[in-house]
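Peer 1: below is the structure, and that's it, no one-letter string:
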Ligand SMILES: NC(=O)C1=CN([C@@H]2O[C@H](COP(=O)(O)OP(=O)(O)OC[C@H]3O[C@@H](n4cnc5c(N)ncnc54)[C@H](OP(=O)(O)O)[C@@H]3O)[C@@H](O)[C@H]2O)C=CC1
Ligand SMILES: Nc1nc(=O)c2c([nH]1)NC[C@@H]1CN(c3ccc(C(=O)N[C@@H](CCC(=O)O)C(=O)O)cc3)C=[N+]21
């Protein structure tokens, strides 16, 4: 069993980005600028957005955090997005999900200028990704691909089972793994809550990506010896032994699965950190595309 260490890999990505940004600054090129919109005060969202802003600072990107009240109207949120669309200094825009129930996520995502869609959630980005055209790739699946690349894990011809078909994780993951890239070329099975006999599928998998949001779901008896296990799940569960009062749990029962696996990502310290590295990579790319 080898641990796929998100701390190490994301630190390497952040370092690379930092030197590219230093280089840009020396050449007088534009400093990348990420704008994040946070609606309301969801504890987990606060943490992630704060982490994104902190990483921008570390790399030398400019960042803007726009906080909006929980009960803001959809129209006002759309107006805020339009301001960022029009602002030539802003290269990347992200609206932290989930949004309050009275706001339609798809409408908000579609309002973002596709050239600034560093989350890769816009229909134009999703369409380009599916067609194999240059595109912003959603940060979590992109981060997972960067992880496979870093550890030089061969994927061609392998059977990958992705559990979860969300637009932001499972579905784009299935597209990337089945695509014609160096760390793609897998045969992919995409599973979801209506899948019959999930275990039958996971037992055949050389690679499993667990992205369903059910802590400890993937058990030892569901995986083949030597499989590559990617745990996307992030669920906060109460834990009175922790200072914060909660612990973060992945979708994989790590104690059971790790001894059988070839490679495995831990939670925390795995895919979550890669997500941030990938988002920052997309932000630099947006800036390069628009400003050279
Ligand atoms: N590490 C990171 O950077 C990130 C982590 N996450 C985490 O990843 C997890 C998934 O997130 P997200 O994709 O947004 O979640 P969603 O809730 O949008 O999607 C969950 C998917 O899992 C499927 N599913 C649910 N239960 C089962 C089951 N028992 N068996 C098989 N499939 C099931 C659902 O099926 P159906 O479609 O039929 O409902 C759905 O497709 C969450 O824990 C989230 O917090 C998310 C984003 C980034
Ligand atoms: N528009 C939008 N874009 C997103 O990219 C987005 C989103 N909305 N909504 C929520 C999910 C979740 N997500 C994570 C980011 C970082 C960690 C992360 O840094 N995790 C660390 C620390 C975990 C912690 O301490 O909370 C780890 O796994 O080690 C996790 C999850 C981005 N998401």
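Peer 2: Alright, I've got the coordinates. As the structure is a computational prediction, the values presented were derived from the model and not from experiment. Numbers count the residues shown, from 1 in each chain. Ligands and ions are numbered 1, 2, ... in the order given.
Peer 1: only C-alpha atoms for contact and neighbour calcs from this point on.
Peer 2: OK.
Peer 1: what's the closest non-adjacent residue to the residue in the stretch 1-150 of the chain that ligand 1 sits nearest to?
Peer 2: Closest approach between the stretch 1-150 of the chain and ligand 1, counting by C-alpha to the nearest ligand atom: residue 140, at 5.1 Å. Spatial nearest neighbour of residue 140, excluding adjacent residues (C-alpha to C-alpha, 6 or more residues apart in numbering): residue 275 at 4.5 Å.
Peer 1: also residue 57?
Peer 2: According to C-alpha to C-alpha, 6+ apart, the nearest residue to residue 57 is residue 63 (7.6 Å).
Peer 1: in the host helix or strand of that neighbour, what counts as buried?
Peer 2: Under the assignment given by DSSP states H and E, the secondary-structure element containing residue 63 is strand 62-68. In terms of neighbour count (16 or more other C-alpha atoms under 10 Å), strand 62-68 has its buried residues at 62-63, 68.
Peer 1: how about that strand and ligand 2, touching?
Peer 2: No: counting by C-alpha under 6 Å from any ligand atom, ligand 2 has no neighbours in strand 62-68; the shortest distance is 12.9 Å.
Peer 1: kindly report the residues of the stretch 51-200 of the chain close to ligand 1.
Peer 2: Near ligand 1, the residues belonging to the stretch 51-200 of the chain are 140, 163-166, 168-170, 191-194 when assessed by C-alpha under 6 Å from any ligand atom.
Peer 1: quick check: residues of the stretch 51-200 of the chain near ligand 2?
Peer 2: Contact residues of the stretch 51-200 of the chain with respect to ligand 2, defined by C-alpha under 6 Å from any ligand atom, are listed as 94-97, 119, 139.
Peer 1: if we use 8 Å, what do you get?
Peer 2: Within the stretch 51-200 of the chain, the positions near ligand 2 by C-alpha under 8 Å from any ligand atom are 51-52, 94-98, 119, 138-140.
Peer 1: those residues in strands, which ones?
Peer 2: The subset of these located in strands under the criterion DSSP state E comprises 94-95.
Peer 1: JSON lines please, covering the residues of the stretch 51-200 of the chain next to ligand 2 and showing pLDDT.
Peer 2: Compiled in JSON lines, these are given as follows (pLDDT from 0 to 100):
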{"residue": "51", "pLDDT": "95"}
{"residue": "52", "pLDDT": "96"}
{"residue": "94", "pLDDT": "97"}
{"residue": "95", "pLDDT": "98"}
{"residue": "96", "pLDDT": "97"}
{"residue": "97", "pLDDT": "96"}
{"residue": "98", "pLDDT": "95"}
{"residue": "119", "pLDDT": "98"}
{"residue": "138", "pLDDT": "98"}
{"residue": "139", "pLDDT": "98"}
{"residue": "140", "pLDDT": "98"}
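Peer 1: dump the residues of the stretch 51-200 of the chain next to ligand 2 into CSV; add neighbour count as well.
Peer 2: Converted to CSV, those look like this (neighbours: other C-alpha atoms under 10 Å):
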residue, neighbour count
51, 14
52, 22
94, 22
95, 21
96, 15
97, 12
98, 13
119, 26
138, 26
139, 27
140, 25
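Peer 1: got the contact list for the residue nearest to residue 57?
Peer 2: Residues in contact with residue 63 (C-alpha atoms under 8 Å, 6 or more residues apart in numbering) are 33-36, 53, 56-57.
Peer 1: quick check: the farthest pair among those residues?
Peer 2: Within the contacts of residue 63, 36 and 57 form the most distant pair, 13.5 Å apart (C-alpha to C-alpha).
Peer 1: follow-up on the earlier one: just checking, next helix/strand downstream of the strand holding residue 63?
Peer 2: Beyond strand 62-68 on the C-terminal side, the first helix or strand identified by DSSP H and E is helix 74-86.
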